[in-house]
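Peer 1: kindly generate the corresponding structure for this input.
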Amino acid sequence: MRSLSEQSAVMVVEGAGDSVDKEKKKKYRRRSNRRSKRNSPNTAASSQPNEPRGESSLSVGNGGKTKCYTSSMGCSSSRRMELDANPTREHGPAAASGTIYSSMPTMHANEQLKDIVSSGRGGSMLAKPCPEPIVGGGLNGKSLPFHQFEGPAQSKFFAPYWSIETVNEALEKGDVFKVLFRVNAHNRLEAYCKIEGVPTDVLISGIAAQNRAVEGDVVVIKVDPLSFWTKMKASKGIDLHLKANRKTSGSRQGKSKLNTDCKYADFGNSLVPQKGFYCEYSSCAGEDVHDELNGPVGCNYANGYHQSSSDSSHVAPSKGQGEVLNAVGRMCSMISSYPSKRPTCRVVAIIEKSPRRDAIVGFLNVKQWFYYREGCKKDAKKNKSLLSISNCEYIEIMPTDPRFPKLMVLVSCLPDCIKKRLDDEDETVEMELVAAQIDNWSDESPFPEAHVSYIFGQGSEMESQINAILHENAIRSEFFPESLSCLPSNTWEVPKEEFQNRRDLRNLCIYTIDPYSATDLDDALSVQRLPDGLIRVGVHISDVSYFVLPDTTLDIEAQLRSTSVFMLQRKIPMLPPLLSEDIGSLKPGVDRLAFSIFWNLNSSGNVVDRWIGRTVIRSCCQLSYEHAQDIVDGMIDAETCNNFRDDLPQLHGHFEWADVIGSMKCLHEISKTLREKRFDDGALQLESSNFVFLFDEYGIPYDNTLRERKDSYFLVEEFMILANRTAAEIISRAFPDSALLRRHPEPNIQKLRELEAFCCKHGLELDTSSGNFHRSLEHIKEKLKDDSVLFNILINYATRPMQLATYFCSGDLKDNMNDWGHYALAVPLYTHFTSPLRRYPDIVVHRTLAAAIEAEQLYMMNRRMSHKVRPGEEVTRCFTGICFLKEAAVSSEGREALSAAALKHRIPCTELLTDIAAYSNERKLASRHVKEASRHVKDACDNLYMWVSVKRKAVLLSDARVLGLGPRFMTIYIHKLAIERRIYYDEVDGLTAEWLEATSTLVLTTCASKWSVRRAGPGYYRALDEVAWVINPCDHNLEPDMESTQGCGAAQHSDPILKSEIDPFVFPLTVRLLSTIPVALHATGGDDGPLNIGARLFMSSYFT
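Peer 2: Residues are numbered from 1 along each chain as shown. Below is the predicted model of the structure:
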């Protein structure tokens, strides 16, 4: 069986011991090289621009050099050495060294591309060899040889992984760090990781340094010595402004040892996470309450209140933790001493594989395989032994997500339907969107081996793309039958005993405010004016925890899903529709179970008193945001409701529209007070226009628009924030080690300073200091009231220094309570309580609240039974009221009550809750996947809808603002689509780019053809129409080519070119930073690659 290396590349190792067959190798190498050039058609060669040309030198472990000459299979042209040393422009071009690039704030580093394997380390990359690598073999323990080498020395592309023992020892000493591996979507050679406590992301540059890690892996890294650190590109003025397109996820710094039986989870098509969140709880179920106070070591439940570290004397960190802290401190000191240097590192072990390895979506590179097969047929005429090739041929999969490497799949392992089409030489196979699963990636292969696991259909079909998005994020629509069996019947009604155990609020004017098409109604509002001048506001949340009991199949599946996924025209709920849209939804006119919070507020918006408990409610109507806004604006009053408005919802019960309208106006006034108070305390809201798609009768998007959020949205938002704050305060006090909270770290200071500098340069004063950020942005908004596009751009960039908000377990950060806060909301405690129908963490919080309420009742009952109740104490809410009685919590009765309630409601212990928080963070990201290959499901669908709408128009004309400018390319912001794109103008036939560095000005002029200038011949320069769409002024009535819109069923929506308000510019074109220029947008990809929207200059010339 021929190895893949013999088919794709002849590796000649030049070293000290390989002179025996040297002449034979040279002859074979020359023949292979000639055959490669002869068998590579121009179409293949030009299909991947900017790929490396010629041969590559690879450092090997024996100190020699390995030259790689590619053949016609997979890597068919000599310019296609499949190591991505020079990625395509869509992935991010190499920065022009020594050139100046004027741009928006420095947000993206185009690092100089390093040597693909040596990564700038001169071949000294190899880590410690070990007999027990952490990463095992391939599928079923087998490892297929990707590359085999002749001669005494066998070259390896990657360093072997460290052993578990070595990693544990290094983690203890602080020599290495456990982090999350993230890849730059614009340049796969650049990966980054965040070390907790280090202000700068650490760069992992080059394939060798990345050492087979893929996006989402949890890896162990070793930081390089200072001499290997790269320069921060900001010091050279290179384009950095896209850097924030990399979302930095929560880091996973390793302070604890790895399990010696550490194995990778075999996800397959399953949704089961690697770590089991649900262990058997029987070990605790029979324990006595007093024994529970001591807490068995293996217990999976919270023990109730105990004194946190902040309440006791400081305990010195362990030796291992101290070493880690010292290592982080040393790094921070070095970064502070050398601010122009970016720390670099290399991966030495992978300890948790990303589930994305099992669902990489892409296209089969069929043409490359056909070229190779044709070459084999020609060679077979000379050597009949080459006829039998079907069992060792590989075909390439090109991922649609540029963060992932190319995959190699055995042709013999392809699905039968694809193999049949290949036998029939059907090239349309390359239009099929497929999913592949990585089986193995050995250190002797530059690419991972994989197998095709799913076929979605043609890539140009919207349904295929949506199914691929869901598949790669492990999101399924069907529920397990066992989960459905946990639900009550659809005729369920509130049991009589619940009226006895809950407060009955059915006579209170309560209503919901949601989008007009919403069916999962999980929050409602009410308001009452009290005799003493106070106002009582109520927030009522669906009591989902009543139906979703701990450890049931329904609970497990809800946790695995973790969140509902919304895709405009489609929703995949976290809970079955019977629960999320019927018996758990706060529909009007029917009795529903709820968790209610009441606040007594004074005129200043301060909370004087509060009550929280389980209730029964009956909503009187279901209002949309539009209805609420009309009431706030005075467009709806009692008279118009009764006589002239047929579009209003049905009103249930004894209430009249005057009750609802008066209540709404009162809530609006209170919400404005609360909002103003919150911003005075330093809250920040980076509000921009909402992107809204317009769909035809077939559900196909044909256009989009931008909408501003109205006061009715802010009204609901303000009370939901207050409810979440209240819930966080209660559960963190009652269960300080087992509260599921949410934190938002402070933004990246360096990026904020860069944003300030840019605003200053353009006469805009921006103060990003605490408490002044929002106010400063409001002043800029007023100053730019005639330039809303520029303000939206600034808001877009202001969001990029912001870090992600994440869930966490309070017990994990009990020694660092300063890190609990939420930066954007400017509050010290926050959680999610208000959306239990679509977020699993909210269900956990509901259970914790129920435990706190029940513990309060148990405590008072025990006090009464022991005759310890003091006068007035009967009505005291010791755990849920405004004043938390700490002495009650630490007393024996209090500890006993809290522990018993925690056991009853199955409050997870710190370790399990940490896992739940981590998994919820991951699934929340997954629900927003793939806008420009780095965000998640909602954004992916937005990207898809945008692509479909642009494709239907063939050409979409729009104005764009120039955000970055340099000698090779410009970066533009298209306001209509709220996207950024780059236009490259270097090496374009018929176009000359003059870059005036002193004034940061670009002048583009047309010129004679350049094809004869370079020896490379025709094709070296790109055609002008790749950069600019040039029309003749005489062709004013032309319309775009409608051929690309056929089959979309909506040609009527296509816009004639010159019916647009966008006028073309003429050459010579002078461009400066923040200039407005016309561009022509077009959809690319679909059947032949990733979805993308390309941008060209829109120009007019008589010389076309």
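Peer 1: and the nearest residue to residue 687 once chain neighbours are set aside, what element?
Peer 2: Once flanking residues are discounted, residue 687 sits nearest to residue 709: 6.6 Å by C-beta to C-beta, 6 or more residues apart in numbering. The C-beta positions use only the backbone N, C-alpha and C, and glycine is treated the same way. Per DSSP states H and E, residue 709 falls between elements, in no helix or strand.
Peer 1: just confirm residue 709 contacts residue 691, I think it does.
Peer 2: No - the criterion here is C-beta atoms under 8 Å, and residue 709 misses it with residue 691 at 11.8 Å.
Peer 1: helices and strands around the helix with the most length in the chain, which ones?
Peer 2: Criterion DSSP state H: the longest helix present in the chain is helix 840-865. Counting contacts by 3 or more C-beta pairs under 8 Å, 6 or more residues apart in numbering; DSSP states H and E, helix 840-865 packs against helix 553-561, strand 607-618, helix 711-734, strand 740-743, helix 892-904, helix 910-926.
Peer 1: count of neighbours near residue 1008?
Peer 2: Look at residue 1008: counted by other C-beta atoms under 10 Å, it has 10 neighbours.
Peer 1: tell me which of the helices and strands packed on helix 840-865 is the most buried.
Peer 2: strand 740-743 (a mean of 24; mean count of other C-beta atoms under 10 Å).
Peer 1: partners of that one in the sheet?
Peer 2: strand 806-809 (antiparallel) (DSSP bridges).
Peer 1: which stretches of the stretch 901-1050 of the chain have low pLDDT?
Peer 2: 922-936, 1009-1020, 1035-1050 (pLDDT under 70).
Peer 1: which parts of it are helices?
Peer 2: 910-926, 937-953 (DSSP state H, counting those that start in this stretch).
Peer 1: looking at the ones you listed, which is nearest to residue 187?
Peer 2: Nearest to residue 187, of all the helices of the stretch 901-1050 of the chain, is helix 937-953, at 19.6 Å by C-beta to C-beta.
Peer 1: so how far is that closest one from its chain's centroid?
Peer 2: Its chain's C-alpha centre and that of helix 937-953 lie 17 Å apart, by C-alpha atoms, centre = their mean, to the nearest Å.
Peer 1: of residue 709 and residue 691, who's got more company?
Peer 2: Using other C-beta under 10 Å as the criterion, residue 709 and residue 691 rank with residue 691 on top: 16 against 13.
Peer 1: for the residue nearest to the more buried one when sequence neighbours are not counted, give its distance to residue 706.
Peer 2: Excluding its sequence neighbours, the residue lying closest to residue 691 (C-beta to C-beta, 6+ apart) is residue 978, at 5.6 Å. Per C-beta to C-beta, to the nearest Å, residue 978 is found 7 Å from residue 706.
Peer 1: shared neighbours, these two?
Peer 2: Common neighbours of residue 978 and residue 706, using C-beta atoms under 8 Å, 6 or more residues apart in numbering, are 689, 691.
Peer 1: settle it for me: which of these two has more neighbours?
Peer 2: Neighbours per residue, other C-beta under 10 Å: of residue 978 and residue 706, the larger number sits with residue 978, 18 against 15.
Peer 1: export the helices and strands packed on helix 840-865 as JSON lines, with columns for distance to residue 534.
Peer 2: As requested, the helices and strands packed on helix 840-865 are exported to JSON lines (distance: least, C-beta to C-beta, whole Å):
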{"stretch": "helix 553-561", "distance to residue 534": "38"}
{"stretch": "strand 607-618", "distance to residue 534": "6"}
{"stretch": "helix 711-734", "distance to residue 534": "15"}
{"stretch": "strand 740-743", "distance to residue 534": "29"}
{"stretch": "helix 892-904", "distance to residue 534": "30"}
{"stretch": "helix 910-926", "distance to residue 534": "36"}
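Peer 1: lowest-confidence stretch among the ones you listed?
Peer 2: Note on the helices and strands packed on helix 840-865: lowest mean pLDDT is at helix 910-926, with a mean of 70.
Peer 1: in PDB, list the C-alpha atoms belonging to that helix.
Peer 2: C-alpha atoms of helix 910-926 as PDB (Å, rounded to 0.1, in the frame of the first residue of the first chain):
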ATOM      1  CA  THR A 910     -18.800  23.800  43.700                       C
ATOM      2  CA  GLU A 911     -17.100  21.200  41.400                       C
ATOM      3  CA  LEU A 912     -20.300  20.300  39.500                       C
ATOM      4  CA  LEU A 913     -21.500  23.900  39.300                       C
ATOM      5  CA  THR A 914     -18.200  24.800  37.800                       C
ATOM      6  CA  ASP A 915     -18.700  22.300  35.100                       C
ATOM      7  CA  ILE A 916     -22.200  23.500  34.500                       C
ATOM      8  CA  ALA A 917     -21.000  27.100  34.200                       C
ATOM      9  CA  ALA A 918     -18.200  26.100  31.800                       C
ATOM     10  CA  TYR A 919     -20.500  24.100  29.600                       C
ATOM     11  CA  SER A 920     -23.200  26.800  29.600                       C
ATOM     12  CA  ASN A 921     -20.500  29.300  28.400                       C
ATOM     13  CA  GLU A 922     -19.600  26.900  25.600                       C
ATOM     14  CA  ARG A 923     -23.200  26.300  24.500                       C
ATOM     15  CA  LYS A 924     -24.000  30.000  24.700                       C
ATOM     16  CA  LEU A 925     -21.200  30.700  22.300                       C
ATOM     17  CA  ALA A 926     -22.300  27.800  20.100                       C
END
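Peer 1: follow-up on the earlier one: can you say which of the helices and strands packed on helix 840-865 is nearest to residue 638?
Peer 2: helix 711-734 (18.7 Å).
Peer 1: about what we covered before: just put the helices of the stretch 901-1050 of the chain in CSV and tack on distance to residue 561.
Peer 2: Shown next, in CSV, are the helices of the stretch 901-1050 of the chain (distance: least, C-beta to C-beta, whole Å):
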stretch, distance to residue 561
helix 910-926, 7
helix 937-953, 12
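Peer 1: which ones are touching the closest residue to residue 914 other than its chain neighbours?
Peer 2: Using C-beta to C-beta, 6+ apart and skipping residues adjacent in sequence, the residue nearest residue 914 is residue 809, 4.5 Å away. By C-beta under 8 Å, 6+ apart, the residues touching residue 809 are 737-741, 910, 913-914, 916-917.
Peer 1: repeat the analysis, applying 7 Å as the threshold.
Peer 2: 740, 910, 913-914, 917 (C-beta atoms under 7 Å, 6 or more residues apart in numbering).
Peer 1: returning to what we had before: past the longest helix of the chain, which element shows up next along the chain?
Peer 2: As assigned by DSSP H and E, the chain's next helix or strand after helix 840-865 is helix 886-890.
Peer 1: how far off centre is that next one?
Peer 2: Taking mean C-alpha positions (C-alpha atoms, centre = their mean), helix 886-890 and its chain are 42 Å apart.
Peer 1: in it, which residues are buried?
Peer 2: Judged by neighbour count using 16 or more other C-beta atoms under 10 Å, the buried positions of helix 886-890 are 888-889.
Peer 1: which residue ranges of the stretch 501-650 of the chain form helices?
Peer 2: With DSSP H, counting those that start in this stretch as the criterion, the stretch 501-650 of the chain has helices spanning 553-561, 577, 625-632, 638-643.
Peer 1: before I go, just wanted to say thanks for your time.
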